[in-house]
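In: Here is the input, now give the coordinates:
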Amino acid sequence: GRPKKDALPDIEMTFHAQCVVGELRPEAWEQACRKESTFILIYDVRDSMSPAEILTEYKRQNTIEMKFRFLKSPVMLGPVYLKSKRRIEALGYVFVLALMLASYLEFRVRREMKQREEFLLLPGKKKTQVPSITTILEYLNMITVVSINGQRLLPDNVDKEALKMIRWAGFTEALYTEGL
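Out: Take a look at the predicted model:
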């Protein structure tokens, strides 16, 4: 509508920038590269490790943290309530042992897949040669054992990828039917 008699007009302020890309100054580029490649890491193991070894270990820390994420998953571990410090410490050791076993299983499966040049077919027809421990356990959980008159059998409709997973882990189907 029409503005009132004493209304101030709307003022719009705009700015325009004109940018020109100049030539690259080599000294500025080198300084920027040095700054970006600087990695600050504070450590206290000077005598036993070189700075390069410390940096390598630090960068591998993410791999370990990802493994602990597997343990923290509510699917793998539900809520646990412990009162004594001794039991909490013992449970911590059990977690580390479980993590070591899971990592070793993952290592064996990946190594065998690489040696055989085979792939795991994931949902969506994606192929992988580096399945995570979670994926490996999901496939192994698909295996159902049927007991008929005390005899343990695998049904005919067992997932073929799950059977391959058993072999990649270094076992045979007899692990499920006969035990160790």
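
In: Count the residues that sit near Ser103.
Out: Neighbours of Ser103 under the rule other C-beta atoms under 10 Å: 15. Backbone N, C-alpha and C define where each C-beta goes, glycine included.

In: ok, now how distant is it from Met66?
Out: Distance from Ser103 to Met66, counting by C-beta to C-beta, to the nearest Å: 11 Å.

In: now Leu137
Out: Distance from Leu137 to Met66, by C-beta to C-beta: 15 Å.

In: which one of these two has more residues nearby?
Out: More crowded of Leu137 and Met66, by other C-beta under 10 Å: Leu137, with 18 against 11.

In: Spit out the contact partners of that one.
Out: Listed by C-beta atoms under 8 Å, 6 or more residues apart in numbering, the contact set of Leu137 reads Ala102.

In: Next, count neighbours for the spatially closest residue to Thr128 that is not a sequence neighbour.
Out: Distances taken as C-beta to C-beta, 6 or more residues apart in numbering place Leu120 nearest to Thr128, at 5.3 Å, with adjacent residues excluded. Leu120: 20 surrounding residues under other C-beta under 10 Å.

In: Give me the buried positions along stretch 149-163.
Out: Within stretch 149-163, the residues scored as buried using 16 or more other C-beta atoms under 10 Å are 154, 158, 162-163.

In: Now render those residues as TSV, adding secondary structure.
Out: Shown next, in TSV, are these (DSSP: H, G, I helix; E, B strand; the rest coil):
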residue	secondary structure
Leu154	coil
Val158	coil
Ala162	helix
Leu163	helix
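
In: for Lys126, phi and psi?
Out: Phi and psi for Lys126, reported as degrees, to the nearest 10, are phi -90, psi 140.

In: Do you know the pLDDT at it?
Out: Looking at Lys126, its pLDDT stands at 90.

In: And for Leu180?
Out: Reported pLDDT for Leu180: 65.

In: Using the three-state scheme, assign the residue nearest the centre of the chain.
Out: When C-alpha atoms, centre = their mean is applied to the chain, the residue found nearest the centroid is Met66 (4.5 Å). Secondary structure for Met66, judged by three-state DSSP, is helix.

In: Check the gap between it and Ser132 for me.
Out: With distances taken as C-beta to C-beta, Met66 is found 9 Å from Ser132.

In: just Phe171 next, same as before
Out: Phe171 sits 19 Å away from Ser132, going by C-beta to C-beta.
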